[in-house]
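Novice: What shape does this take:
(3 chains)
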Amino acid sequence: MAPRVDALYFFLVAVTTFFSLLIAGLIVFYAIRYRRREPDAVGARIEGGLLLEITWTIIPFLITMVIFVWGASIFFAMSRPPDETLNIYAVGKQWMWKFQHLNGAREINELHVPLGRNVKILMTSEDVIHDLFVPAFRVKADVVPGRYTQIWFQPTKPGTYHLFCAEYCGTQHSRMTGRVVVMEPSDYQTWLATSGTPGALAAAGETLFNDLSCNTCHRRESQSRGPSLHGLVGRTVNLEGGDTLVADEAYVRESIVNPSGRITAGFQPVMPAYQGLVSEEGLLALVEYVKSLGDASPTSHAQ
Amino acid sequence: MPSNLLLPPRHYLNDGYGVWSWLLTRDHKRIALLYLAAVTFFFFIGGAFAVMIRLELATPAGDMVSDDTYNKLFTMHGVMMVFFFLIPVIPSVLGNFLIPIMIGAKDLAFPKLNLASWYIYMIGATFTTYAIVTGGLDTGWTFYTPFSTASSTTNVIPAALGIFVTGFSSILTGLNFIVTIHKMRAPGMTWFRLPLFVWSHYATSLIMVLGTPVLAITLLLVAAERLFKFGIFDPELGGDPILFQHLFWFYSHPAVYIMILPGMGVVSELVAAFCRKPVFGYSVVAFSSLGIAILGFLVWGHHMFVAGQSVYAALIFSLLSFLVAIPSAIKVFNWTATMYKGAVSWETPMLYAIGFIGLFTIGGLTGLFLAAVGLNVHVTDTYFIIAHFHYIMVGGTIMAYLGGLHYWWPKISGRTYNELLAKVSAAIIFFGFNLTFFPQFILGYLGMPRRYHAYPPEFQVLNVLSSAGASLLGVGYLLPMAYLAWSLRYGKLVGSNPWGAVGLEWTTTSPPPTENFAETPVVTWEAYDYPTRVEGHVA
Amino acid sequence: MPNGVTHHPALAHHFDNLEQQNEAATLGMWVFLVTEVLFFGGLFAAYTIYRNWYPAAFADASHHLDVMYGAINTVVLIGSSLTIALAVRAAQTGDRRTLMLFLVLTMALGAVFLGIKSVEYYQKWEEHHIPGPSFQYEPAEYFRHAQVFLSLYFVMTGLHAVHMIIGLGIMTWMLVWAWNGTITKEYASPIEISGLYWHFVDIVWIFLFPLLYLIGRHGPTVH
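Specialist: Prediction:
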């Protein structure tokens, strides 16, 4: 992705340089060539020219449309992560970044990722709006309290790269920085094995699920008081009131914190709201647990 | 050069003496000078904050002031400059002074409302100044929620209310201009004989009148949420922080056109006068002003490409943002074409006009970088954005303002300033400006985020260049203050048309009488009727 | 400009004639009302979005508003628009006493409106339905979003009430001018533009009433 962004950037540098020099050149040239030679001199009486107006309307229009399409196509690619991604969760809070790997590993202000894999980060904020920015990868997205946002990237060079908070968030905004460490695949496997166990995050979510008594209502039996969560993520859900939606991470989160908003058809609005009773990290663990139940579709549109 | 020029015996400056004749004036020209004093004062406060910011940023460590103090510095720099300088400056100083004269009227439609606008501005500014001296504000001039409503511990409410109040000054000025231009034109002054300065102020007034109320209600809601814990923007209370951004930018994007359109109007006048030629494509330029005003209301989402909007919303805003660039480009081409076969003078106002055209072109073209969504993701919230808007606000608006101030200074004061000093100052400003802000484009592309107190050491060299430029720029701005003030007392007297320009303002005395004209003009000529209409020029 | 013609005492010196002055005043008031539309517009936008997202909570919270009071207030305001229109007519025909009568009636109706509003606000205070630290709401699942509804309710009706109070101030001023003879058949413009302002405040209420008071009251099922 980064080379695509840079290509557009340098194209625009070229366009800017060309037109700036053109205008500056013409202005300076005219200022000299047509300088006032007597105090009472007057300019030629030229009112306008339709052909010129049309020309310098159409040409900028065409150029801007090219830039628009180019930028849009890059943005589409940025907004649609590939089907197969390595998922990592992130929570921003004043003034640090907390990363949660699926193997249970937790990192603060540092993120280890493998070379050559598509990495997707699903993130939220615990307090105010922050923004996860990795200049080297040309990715950036706000993290917003109350909702999930995401970025994805594929690291192509091993090394350590800056990670910044890019949305002003208070006193230590400029100190809310960190590093992304891109490792060779084998090194990453080692790191992964020593930092946690596979599925640990989902397991932590399951523990929480039971601790919060979610399992008393959400069962696989047809008579359970809450809908079964198996295979939920990626499935189309029919809601009370007639609407449908495709369940994603955001829907799962919303259903925990504010269940009466969008209820599955055929069920009563009896689920208590867990707003304030579960931390954002707890919610991520629960989301990951629900995702691990059954045949979850890997494409999730988390907005 | 005749040396026996005298000031006209009766003019607006000697028509009544004493503080109350100024503080209770209805004369649009005196009100313009009241504004001049006020905005200049707030400009230097905002500038002082900028100096401190650039001093701090000369080294990577945040070691000159604390984190909290730095956050207040950039916030208050933005608030002062945007709300108390850039938005009012050209309309309230030059617009107020010139619009009635340019259309052949005795005053604006509502002179008492005009005075009230100044008082409202001063009350709002006082509120905000109070907020600043009793602890400051640290939310950024953009007040994003929930930080501003639930997290910041600074004087958010007084500052927000101060801006709220000042917004009404803007609304009432715009209302006054609209009614004046519709109803008070002299006989024969049809719409398409109006100077382009008037057209651009009309377009600006439309924006002021339609956009500012939305900011007003948004700030009111921020204050309500913060004070009463009403739930509108805070997710903890059931609200949505992105809603704040939509409401805020719905005004604040058109606001940037409030800041630039009057400057474009000034530049049209300067180019015509200093080439002694009609502006090329008069009606195209006039309609472009309206086009910018209208399209400007449709693009606010381009401030939110990474905020969490849907992809489709982002693409629509991107497309419209490219479209709004086109009328500005058209104007640049038309100004350049006006110089072709002109009689081009290199006097100071023209230097500022040329500087504007070059710097606005660069600033505007960098807007294309930002409108391209895929690229915006990388450069938004970095120093690239800061460079972009300073090129337009400072390289554009302030250059246009200085050019206009120097052009109309003889009309306002009856005296002229030292031309050599003025040219030298213009050069210092131009050079200092570019040294300050050009490195910031590169800093942004390299990844330095904005609003950072401390930064990684690899960004230092560019920051040092920028800070060096800032000190030069600061000196550059002090010089006109000094020599213009000096000229009020010691400047050489001028006649009614020292530049040999065409326009109703050059047919009346310098300074003009209180009622602007001895007799109401009857207009039978086009806006830039060179060479026929150069009246009373004494070289 | 016209020499030897005595000009109307109300003619300001920067205008050529009273007609130009009146036209300017009318255009000025219309432009001002457009700004007011945008001012309230932000609130209506916020309302539309939140109602779209939380329809059940909004309907539930709306049912806690007193439709009777709201309906009476609507009739009161529409009536006051009638009285101010009649006042404008009286001014235009030079009928000083009728003008004063209808101005007073308009103000009385406005005061009734504000009185009823105060009663409603007091009721909300007693029910702990004022958003903030003391906010209470049943059922619990609607708590958060009912608070959003009520926040919008208080800001929207509160802002409207402020405009009503300002309107009463303007009417007082007009009453003084009607009484001391400033308003004449030729110079009815101040009454006209005050009437425009009053009608605008009325129209805002006509939108507020159904949006705030009448959610989901049309039938047995709440959507």
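Novice: Could you check what's spatially nearest to residue 200, not counting adjacent residues?
Specialist: This is for chain A. In space, and not counting its chain neighbours, A:Ala200 is closest to A:Gly104: 2.7 Å by Cβ to Cβ, 6 or more residues apart in numbering or on different chains. (Glycine included, C-beta is placed from N, CA and C.)
Novice: should've been chain B
Specialist: B:Gly265 (3.0 Å).
Novice: same question, A:Val28
Specialist: Using Cβ to Cβ, 6+ apart, the closest residue to A:Val28 is B:Ile354 (8.0 Å).
Novice: ok, for the residue in the stretch 101-250 of chain B positioned nearest to chain A, nearest residue in space, not its chain neighbours?
Specialist: Of all residues in the stretch 101-250 of chain B, the one sitting closest to chain A is B:Pro235 (3.2 Å; Cβ to the nearest Cβ). Once flanking residues are discounted, B:Pro235 sits nearest to A:Gly146: 3.2 Å by Cβ to Cβ, 6+ apart.
Novice: cool, C:Leu27 as well?
Specialist: B:Val179 is the one closest to C:Leu27 (Cβ to Cβ, 6+ apart), at 5.0 Å.
Novice: Check which helix or strand that neighbour maps to.
Specialist: B:Val179 belongs to helix B:156-183 when elements are defined using DSSP states H and E.
Novice: which helices and strands sit right next to that helix?
Specialist: Contacts defined by 3 or more Cβ pairs under 8 Å, 6 or more residues apart in numbering or on different chains; DSSP states H and E place helix B:156-183 against helix B:96-103, helix B:111-133, helix B:196-228, helix C:18-53.
Novice: near chain A, anything from the worst-scoring helix or strand of chain C on mean pLDDT?
Specialist: Ranked by mean pLDDT, DSSP states H and E, the helix or strand of chain C with the weakest confidence is helix C:55-62, at a mean of 92. Yes - using Cβ under 8 Å from any Cβ of the partner chain, helix C:55-62 reaches chain A at C:Ala56, C:Ala57.
Novice: ok and that helix relative to helix C:18-53, angle-wise?
Specialist: 120 degrees (axes from the mean of the first three to the mean of the last three Cα atoms, to 10 degrees).
Novice: Buried residues of helix C:55-62, list them for me.
Specialist: C:Pro55, C:Ala56, C:Ala57, C:Phe58, C:Ala59, C:Asp60, C:Ala61, C:Ser62 (16 or more other Cβ atoms under 10 Å in any protein chain shown).
Novice: got a pLDDT number for the closest residue to the third one other than its chain neighbours?
Specialist: Closest residue to C:Ala57 apart from its sequence neighbours, by Cβ to Cβ, 6+ apart: C:His145 at 3.5 Å. Looking at C:His145, its pLDDT reads 91.
Novice: Packing partners of the helix or strand harbouring C:His145?
Specialist: Per DSSP H and E: C:His145 is located in helix C:143-179. If contacts are counted by 3+ Cβ pairs under 8 Å, 6+ apart, helix C:143-179 sits against helix B:196-228, helix C:18-53, helix C:55-62, helix C:96-126, helix C:189-213.
Novice: Need the winner for burial among the ones you listed.
Specialist: helix B:196-228 (a mean of 25; mean count of other Cβ atoms under 10 Å in any protein chain shown).
Novice: Please name every helix or strand in contact with that one.
Specialist: Counting by 3+ Cβ pairs under 8 Å, 6+ apart, helix B:196-228 packs on helix B:96-103, helix B:156-183, helix B:241-275, helix B:282-295, helix C:18-53, helix C:143-179.
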